[in-house]
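J.: model the structure of this input:
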Amino acid sequence: MSKHHQILIIGGGTGGIMTAARLLKKNKSLDVAIIEPSEKHYYQPAWTLVGAGDYSFKKTEKRMDDVMPKNVTWIQDYATGFDPDNNSVGTKFNGDISYDYLVVAPGLVMAPHLIEGLPEALEKGVACSNYINPEHTWEVLRNFKGGNAVFTQPTTPIKCGGAPQKIAYLAADYFNKHGLHDKTNVVFATPGSVIFGVKPIRETLMKVIGRYGIHFKPFYSPIKIDADKKIIYFKHTDPNENKCFVNENNILGEKSSPVIDEVIEMPFDMLHLAPPQAAPEFVRNSTLVNASGWLDVDIHSLQHNTYPNIFGLGDVAALPTAKTGAAIRKQSPVVVDNILKLIKHQKATNRNYNGYSSCPLVTGYGKMTLAEFDYQSNFTPDPKLKRMFVFSSDKEHWRLYMFKKIMLPYLYWNKMLKGQEI
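T.: This next block holds a predicted model:
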C-alpha cells in the first residue's frame, strides 16, 4: 500500500465520502485515499424515526465498501495523529501516510463520561439515546406506562441540534395516541435560552410545545444521573430562571425553598438525552484545533487557518452553525473547489460557504417543519420546496415528513454520496 497520496481524507462519513466522490467527478485522475476503520456506514438522520418506531434501523445501514467511491484507495485503519509540518498522518496499523492535501472529516465522538452517571445509566438501559441506540429508544417508548418522560441535551455542541427535541415531540404524540397523555409529564430541558434560534421556526415550535402540553425548561444543564434512583440533576445556566422540578405526584411546581448549590432534582420514568459530544481525541490533542478543541478552519473557505493545504468540514470543524449532513452538502463543494484551485497553483479563493445548515424538525407522526438557516440565523428556505407544494416550510406539513422519511434517504444514498448536485 502506498504511503503517500495526493489527497488524503480522514473519515468515511458523509463529509469524507461526499468530498472524495466530488473530487473524482471533477478529475478522475486524482489520487484520493480515505482513512476509515469502520465496516458500516449509517444514515443517522433517520435514527429519530427509528427511535419512534417509524423507520427500520436496517435501512439506515450499508457496508462501507458499498458507499466508498470507485477509484478511491480505502485505508481501513484508525488515524492516530498529525504531523502537519511534514504533511503526514499517523495511523494505528499502517504507520505514517503523507499527503499533498489533507481533508479532515472524522466527525465527532460521543462523550457520555462528561455527565456523571450517564455511562452507567446507558449501560443499565435506564437512559436511552437515539444518538447511540435508537432501537432501544423505541423499546423504552413502547413499554412506557406513564410518569415523567424527560428529554434533554448537554452544554457541548452536538450533531443535529434539533434531534433531542424531535423525539420529545414524537413521544408526546405517541403518548396521546395511546391514552397516556393524562398519566404523563413530558419535559424538555435544555441549557439554551430558547427552543430554536431561528425566529419563524421558534414560533412554530412553541405552538407545538403548547399543543402537547410539554413542560419546556430553558437554562437547564444536565450534570448528573442517578441510575438506581432514576433521578437526573440539572444546574441552572441562568440564575434568574424559576427553580422548578417534577415532584413524585407528577405535578410540575416550584420548589418552596432554594435548592442547595443551585441543583435541581428531577425524577424520571423515561429519560432520553443526547450525550455530550467532542472532536475525536487524535484531533482534540493535535495542533490543528482551536481553544475549544474543534478543527480550526476559516468559516467560509473551510481552509485551515494555519496550514493552507489542510481543509476540514462536517461535525469536527469549528463552525458556528448546526452540525448536520445538510451543512456538509454545502461545505463539500467549497472544499473541492479550493483543493482543485491549489492543485492548479491558484489561491483557495472560494469563500462561498455562508453557514447554511438544515434541521428537519419532526413535530409528530406525519408532521414536520424544515429549518434552513445561515450563520446569521436567517431563515433561508429552499425555493425547490415549492415543487412539493410546500410554500411555508416554517409551518408543519405532512409533505415535509414524507420528504424526510422517503426522499432524503434516497437522495443521500443515490445522489449525495455519489458526488452529485441536489
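
J.: distance check, the residue nearest to the spatial centre of the chain against Ala322.
T.: In the chain, the centroid-proximal residue (C-alpha atoms, centre = their mean) is Lys159; its distance is 1.7 Å. Lys159 sits 9 Å away from Ala322 when distances are taken as C-beta to C-beta, to the nearest Å. Where C-beta positions appear, they are placed from N, C-alpha and C, glycine not excepted.

J.: then Ala168?
T.: As for Ala168, its distance to Ala322 is 18 Å (criterion: C-beta to C-beta).

J.: check contacts around the residue nearest to the centre of the chain.
T.: Gln44, Gly107, Leu108, Tyr131, Gln277, Asp315, Lys323, Thr324 (C-beta atoms under 8 Å, 6 or more residues apart in numbering).

J.: repeat for His136
T.: Gly125, Cys128, Ser129.

J.: any idea how far the longest helix along the chain is from the middle of the chain?
T.: Ordering each helix of the chain by length in residues (DSSP state H) puts helix 325-343 first. Using C-alpha atoms, centre = their mean, to the nearest Å, the mean C-alpha position of helix 325-343 is found 20 Å from that of the whole chain.

J.: tell me which other helices or strands the helix or strand following it touches.
T.: Using DSSP states H and E, the helix or strand that directly follows helix 325-343 along the chain is strand 357-364. Other helices and strands packing on strand 357-364, by 3 or more C-beta pairs under 8 Å, 6 or more residues apart in numbering; DSSP states H and E, are helix 163-177, helix 199-212, helix 325-343, strand 367-373.

J.: strand 357-364 to strand 367-373, inter-axis angle?
T.: Relative orientation of strand 357-364 and strand 367-373, computed by axes from the mean of the first three to the mean of the last three C-alpha atoms, to 10 degrees: 160 degrees.

J.: export strand 357-364 as CSV, just CAs?
T.: Taking Å, rounded to 0.1, in the frame of the first residue of the first chain, the C-alpha atoms of strand 357-364 are listed here in CSV:
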residue,chain,number,x,y,z
SER,A,357,-27.5,24.2,7.7
SER,A,358,-30.8,22.5,7.8
CYS,A,359,-32.7,20.8,10.6
PRO,A,360,-35.8,18.8,9.7
LEU,A,361,-37.8,19.2,12.8
VAL,A,362,-40.3,16.3,13.1
THR,A,363,-43.1,17.6,15.3
GLY,A,364,-45.2,14.4,15.4
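
J.: check contacts around the residue lying closest to Ala149 once chain neighbours are set aside.
T.: Closest residue to Ala149 apart from its sequence neighbours, by C-beta to C-beta, 6 or more residues apart in numbering: Met270 at 4.3 Å. By C-beta under 8 Å, 6+ apart, the contact set of Met270 is Cys128, Val140, Leu141, Phe144, Gly147, Asn148, Ala149, Val150, Ala171.

J.: which of those residues lies closest to Asn71?
T.: Cys128 (41.0 Å; C-beta to C-beta).

J.: how near is the closest residue to Thr321 other than its chain neighbours to Gly197?
T.: Closest residue to Thr321 apart from its sequence neighbours, by C-beta to C-beta, 6+ apart: Gly355 at 4.2 Å. Gly355 sits 12 Å away from Gly197, going by C-beta to C-beta.

J.: which one's more surrounded, these two?
T.: Legend: neighbour count by other C-beta atoms under 10 Å for Gly355 and Gly197, higher for Gly355 (20 against 14).

J.: list the contacts of the more buried one.
T.: Counted by C-beta under 8 Å, 6+ apart, Gly355 has contacts Ile299, Leu319, Pro320, Thr321, Ala327, Phe373, Asp374, Tyr375, Gln376.

J.: look up how far Thr306 lies from the closest residue to the third one other than its chain neighbours.
T.: Closest residue in space to Pro320, ignoring its immediate chain neighbours: Tyr375 at 6.2 Å, by C-beta to C-beta, 6+ apart. Tyr375 sits 22 Å away from Thr306, taking C-beta to C-beta as the criterion.

J.: more neighbours: the two, which one.
T.: Using other C-beta under 10 Å, the more surrounded residue of Tyr375 and Thr306 is Tyr375, with 15 against 11.

J.: touching, that one and Lys330? I think so.
T.: No: between Tyr375 and Lys330 there is no contact under C-beta atoms under 8 Å: 11.6 Å.

J.: so what's in contact with these two at the same time?
T.: With C-beta under 8 Å, 6+ apart as the test, Tyr375 and Lys330 both reach Asn354.

J.: what comes up buried for stretch 109-123?
T.: Val109, Met110, Ala111, Pro112, Leu114, Ile115, Gly117, Leu118, Pro119, Ala121, Leu122 (16 or more other C-beta atoms under 10 Å).

J.: isn't Asp226 right next to Leu118, touching?
T.: No: contact between Asp226 and Leu118 fails when scored by C-beta under 8 Å: they sit 10.8 Å apart.
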